[in-house]
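Colleague: Need a 3D model of the sequence below.
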Amino acid sequence: MRVIQEFLSLRKTKRLHTPKMGRVMYSPEEREKFKSTDFGLPNTKKYPMLNKRDVSMAARGFHRAKEDDKKQLAKNIMKKAKEFGVTIKDPDIIKYSKR
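Modeller: Have a look, this model is predicted:
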């Protein structure tokens, strides 16, 4: 109980920072080491997809991509999803990947 009270009092006086769940940031040095096939958009080195979490994050960020990039991004997301066993249910990604 005391721990909860301390937490609540701290919460009122200071802003608590918690890391965003699921977000993985890769440094520019790390990105240079990745193969072009590891990116949803290889030319700009955006949307790295090295594991299941990255594929899911790329799928969540699909709607923020430029319209001109969506076809390529969708195809690469679907390819990586198949490779890592991730199910993509977003109808827009499925639609763009078939264009």
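Colleague: In this protein, what residue spans correspond to strands?
Modeller: Assigned strands in the chain, in chain order: 39-41, 46-48 (criterion: DSSP state E).
Colleague: Quick check: the gap between the residue minimising distance to the centre of the chain and residue 26.
Modeller: Centroid-nearest residue in the chain: residue 57, 2.2 Å away (criterion: C-alpha atoms, centre = their mean). Plainly put, residue 57 is 11 Å away from residue 26 if you go by C-beta to C-beta, to the nearest Å. Any C-beta I mention is one placed from the backbone N, CA and C, and that applies to glycine too.
Colleague: low pLDDT regions in this structure?
Modeller: Low-confidence segments of the chain (pLDDT under 70): 1-24.
Colleague: ok, longest helix in it?
Modeller: In the chain, taking DSSP state H as the definition, the longest helix is helix 70-84.
Colleague: so what does that helix touch, helix or strand wise?
Modeller: Secondary-structure packing of helix 70-84 (3 or more C-beta pairs under 8 Å, 6 or more residues apart in numbering; DSSP states H and E): strand 39-41, strand 46-48, helix 52-60, helix 91-97.
Colleague: deepest of those, which one?
Modeller: Highest mean neighbour count of the helices and strands packed on helix 70-84: strand 39-41, a mean of 22 (counted as mean count of other C-beta atoms under 10 Å).
Colleague: That one - contacts with which helices or strands?
Modeller: strand 46-48, helix 70-84.
Colleague: That strand: partners in the sheet, and parallel or antiparallel?
Modeller: Strand 39-41 has these partner strands in its sheet, going by DSSP bridges: strand 46-48 (antiparallel).
Colleague: which residues touch the strand it pairs with?
Modeller: Here strand 46-48 makes contact (C-beta atoms under 8 Å, 6 or more residues apart in numbering) with 26, 31, 34, 38-41, 54, 58, 61, 65, 73, 76-77.
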